[in-house]
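Mind looking at a prediction? Sequence and model below.
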There are 2 protein chains.
Amino acid sequence: MDYTGAMTITIDDIQQAHRRIEPYIHCTPVIQSRALNEIIGCELFFKAENLQKIGAFKARGACNAIVSMDKASLQQGVITHSSGNHGAALAWAAALKNSPCTVVMPSNAPEVKKAAVAGYGATIELCQPTMAAREDTVTKLIEQQGLQLVHPYDSDVIIAGQGTAALEMVKQIDQPVDIVMAPIGGGGLLGGTAISVKALSSAQVIGAEPEQANDAWLGFNRGSRLAEFTPDTIADGLRATVGVRNFNVIRDSVDNILLCSEARIVEAMRLIWTRLKVIVEPSCAVPLAAIMDQPEQFQGKRVAIILTGGNVDLDALPW
Amino acid sequence: MDYTGAMTITIDDIQQAHRRIEPYIHCTPVIQSRALNEIIGCELFFKAENLQKIGAFKARGACNAIVSMDKASLQQGVITHSSGNHGAALAWAAALKNSPCTVVMPSNAPEVKKAAVAGYGATIELCQPTMAAREDTVTKLIEQQGLQLVHPYDSDVIIAGQGTAALEMVKQIDQPVDIVMAPIGGGGLLGGTAISVKALSSAQVIGAEPEQANDAWLGFNRGSRLAEFTPDTIADGLRATVGVRNFNVIRDSVDNILLCSEARIVEAMRLIWTRLKVIVEPSCAVPLAAIMDQPEQFQGKRVAIILTGGNVDLDALPW
């Protein structure tokens, strides 16, 4: 894995990625609720990537990786590690091009996500729920089988793909917004979002992270990335440690990172379910939870939030 | 209450209603899932009225009733009985015109629906969960306070308003569908839907009812409406007995009524949640459940279903 390299992704890369993946993905709607706006005290716009292919924005990056790949690599097969949505996304994208796909998943990944990966025809390899175990397992399988790695976030092609959600969103909202927010797992979504938003608007870009998975926040505030970190949050999509490329983009382009409590994540998730009438994962609720935990700076503002995914285990809801 | 009168509602009434209520309601999207189509074996289109104002199609009829009403009646105040969504809809619509609103609700109505009615500023009067008790309480309050009744379904203005959902849907779907389905509670939605669909297309119109709330099915098959009936179904929005006007429209314009089991309603509801990623009430799942209980006649067909509402008590989910 090439973990070096300066920030090289531009808005042109994201626009090219968009043209490349457009035939395969949905242009998801931006949804609103007047009642929710009144409760929170600002005008909220939600880019509903829970309605994206495979139920999450991860379809964008994975599709961009696959459709950018040469024929020989596709024939040899692709591999990734993922707590869930990126695995399903790569399995789905690989199937578009008939490429064999292996997904290394932590043993505590939700059943619904394992089922989705298997449903797209990929091979699942389970490992311990640490980043080290994930990467060791991937490295071993690459050595054994000559597979092509599609990293879930620490990759230019993935960051560019994820940035296409904000690219669409900026065009979909009539008047400029003041703030754009996305949650931070590995940082692929926030990184791509920051590049798109900063190139196309004057909005602030704010990342949101659970207090119990605050490695990006710690790194952002001390100026250097944390290499080792064990997150422990209900937001299962955010249980990754921010990547090297991702950290660099975030450090250079993001205005701030805000935290939120676990209880607030559940409260915000429930508000989205009851007011917007859409199914979202706990990870989706993290930006709204961060607003609710520090409301002052958002009062009266126009705030756009990317809802990341809707793949929830209905038998393990947090209420 | 005027419970007599022949079928007098035409497509013109529905088109006029649509022009009247258009400034206040959402033109809700029609949503699809390829994965769900593969599971069910037909091409399904869902008109997402769970994303409508107040979270249900009932906003349409109530709004049509309120904006059609003279000033003196609005000032005196309006009243209705409802297991939930029509009550919230009338409370919301009355508030648009500053009209005082009273809602008689059965004591077993979901808490979330009571809260919604109260949230729009209406007065709630609880009664026993039978149609007789609802109507007695309404009659008493009309005598005492001179309120104007807005019946939840047995009313031309309500049926015309509810028919606007299908009016939009027919225009939103590019190619003609083979079958349009809606669930049956009081019959306002199915009645209005049948008038719209039969005037604008050659599609079949099929109603769907829980086996445990099958008064419309019994009446449809014997040729006369059941006056007394006590439904017992998880689909709380369908716990009304079909109305007189509604029965006449359904008898004259609907092609068939199909039943489904309670277990299938839960299964279909869960499929909609997991595949379409939207929150729907059990009532919404009744047409899909009816398809799943008798799949033969739907195989390979294009079927449009109206999702009626998304007001669910998240603390009382059926799984």
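That came through fine. Residues are numbered from 1 along each chain as shown, chains lettered A, B, ... in the order given.

Rounded mean pLDDT for stretch A:93-110, please.
Stretch A:93-110 shows an average pLDDT of 93 in the prediction.

Quick one: end-to-end length of it, please.
End-to-end distance of stretch A:93-110: 21 Å, with CA to CA, to the nearest Å as the criterion.

quick one: average confidence on stretch A:242-252?
96.

May I have it as CSV, with CA atoms only?
Extracted in CSV, the C-alpha atoms of stretch A:242-252 (Å, rounded to 0.1, in the frame of the first residue of the first chain):
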residue,chain,number,x,y,z
VAL,A,242,-8.4,8.5,9.5
GLY,A,243,-6.1,7.7,6.6
VAL,A,244,-2.8,9.5,5.6
ARG,A,245,-4.0,11.1,2.4
ASN,A,246,-7.3,11.8,4.1
PHE,A,247,-5.7,13.5,7.1
ASN,A,248,-3.6,15.7,4.8
VAL,A,249,-6.7,16.8,2.8
ILE,A,250,-8.7,17.4,6.0
ARG,A,251,-5.9,19.4,7.6
ASP,A,252,-5.5,21.6,4.5
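
Give me the contacts around that stretch.
Residues outside stretch A:242-252 that contact it (CB atoms under 8 Å, 6 or more residues apart in numbering or on different chains): A:3-7, A:9, A:151, A:153-156, A:159, A:184-188, A:190-191, A:194-195, A:207, A:215-216, A:219-220, A:223, A:225-226, A:257. For glycine as for every other residue, the C-beta is placed from the backbone atoms N, C-alpha and C.

Apply 7 Å and report the result again.
A:3, A:5-7, A:9, A:153-156, A:159, A:184, A:186-188, A:190-191, A:194-195, A:207, A:215-216, A:219-220, A:225 (CB atoms under 7 Å, 6 or more residues apart in numbering or on different chains).

part of a helix, is A:Val170?
Yes - counting by DSSP: H, G, I helix; E, B strand; the rest coil, A:Val170 is part of a helix.

which non-adjacent residue is nearest it?
Distances taken as CB to CB, 6 or more residues apart in numbering or on different chains put A:Leu200 closest to A:Val170, at 4.9 Å, once the chain neighbours are dropped.

thinking again about what came up before, show only the entries of the contacts of stretch A:242-252 found in helices.
Those of these mapping onto helices are A:Asp156, A:Ile159, A:Gly188, A:Leu190, A:Gly191, A:Ala194, A:Ile195, A:Asp215, A:Ala216, A:Gly219, A:Phe220, per DSSP state H.

mind listing what the residue lying closest to the first one once chain neighbours are set aside touches?
For A:Asp156, the nearest residue in space outside its immediate sequence neighbours is A:Ile9; the separation is 5.3 Å by CB to CB, 6+ apart. When contacts are counted by CB under 7 Å, 6+ apart, A:Ile9 is found next to A:Asp156, A:Ile159, A:Ala160, A:Ile195, A:Val249.

Please repeat the previous calculation with a cut-off of 10 Å.
A:17, A:155-160, A:163, A:191-192, A:194-195, A:245, A:248-249, A:253 (CB atoms under 10 Å, 6 or more residues apart in numbering or on different chains).

same deal with A:Gly77?
Contacts of A:Gly77 (CB under 10 Å, 6+ apart): A:Ala94, A:Ser99, A:Pro100, A:Cys101, A:Thr102, A:Ala122, A:Thr123, A:Leu141, A:Gln145, A:Gly146, A:Leu147, A:Gln148.

Beta-bridge partners for the last one, please?
Beta-bridge partners of A:Gln148, counted by DSSP bridges, are A:Val78.

pretty sure it is touching A:Lys97, no?
No - in this structure, A:Gln148 is not within contact of A:Lys97 by CB atoms under 10 Å, at 11.9 Å.

Which one's more surrounded, the two?
Between A:Gln148 and A:Lys97, counted using other CB atoms under 10 Å in any protein chain shown, A:Gln148 has the larger neighbour count: 18 against 15.

Distance check, the more buried one against chain B.
Here the criterion is CB to the nearest CB, to the nearest Å. By it, A:Gln148 lies 27 Å from chain B.

Hmm, A:Leu44 and A:Gly300 touching each other?
No - the criterion here is CB under 10 Å, and A:Gly300 misses it with A:Leu44 at 11.9 Å.

Could you double-check that A:Gly188 lies in contact with A:Ala216?
No - A:Gly188 lies out of contact with A:Ala216 (CB under 10 Å); the separation is 11.8 Å.

picking that back up, of all the ones in helices among the contacts of stretch A:242-252, which comes closest to B:Gly55?
A:Leu190 (31.4 Å; CB to CB).

Quick one: residues contacting the closest one.
A:153, A:159, A:162-163, A:166, A:180-184, A:205-209, A:216, A:242, A:246, A:249-250, A:253-254, A:257, A:306.

And the pLDDT at it?
Value listed for A:Leu190 in the pLDDT field: 98.

Return the distance of it relative to chain B.
22 Å.

Could you do A:Glu111 as well?
12 Å.

ok, the residue most central in space within chain A to chain B distance?
Centroid-nearest residue in chain A: A:Leu189, 4.4 Å away (criterion: CA atoms, centre = their mean). Distance, A:Leu189 to chain B, by CB to the nearest CB: 18 Å.

Now do the same contact list for that residue.
Here A:Leu189 is in contact with A:49, A:56-58, A:60-61, A:153, A:158-159, A:161-163, A:165-166, A:182-183, A:207, A:237, A:246, A:283, A:306, A:308 (criterion: CB under 10 Å, 6+ apart).

what helices or strands is the one helix or strand A:Leu90 maps to leaning on?
Under the criterion of DSSP states H and E, A:Leu90 resides in helix A:85-96. On a contact count with 3 or more CB pairs under 10 Å, 6 or more residues apart in numbering or on different chains; DSSP states H and E, helix A:85-96 meets helix A:58-67, strand A:78-81, strand A:101-106, helix A:111-119, strand A:123-127, helix A:156-172.

Tell me, what's the model's pLDDT at A:Met1?
35.

Give me every residue in the stretch 201-319 of chain A lying close to chain B.
A:269-270, A:272-280, A:307, A:309-315, A:317, A:319 (CB under 10 Å from any CB of the partner chain).

Sitting in strands, which of these do you find?
A:Leu307 (DSSP state E).

what's the domain layout of chain A?
A:11-57+A:157-307, A:59-149 (automatic domain parsing).

Could you dump the ones you listed into TSV and include distance to B:Thr230?
Below are the domains of chain A laid out as TSV (distance: least, CB to CB, whole Å):
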stretch	distance to B:Thr230
domain A:11-57+A:157-307	30
domain A:59-149	38
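
Name the nearest residue to the residue in the stretch 101-250 of chain A positioned nearest to chain B, ignoring sequence neighbours.
Closest approach between the stretch 101-250 of chain A and chain B, counting by CB to the nearest CB: A:Val112, at 7.6 Å. Spatial nearest neighbour of A:Val112, chain neighbours left out: A:Asp313 (4.6 Å); criterion: CB to CB, 6+ apart.

Counting neighbours, what do you get for the one you found?
So A:Asp313, with other CB under 10 Å, has 14 neighbours.
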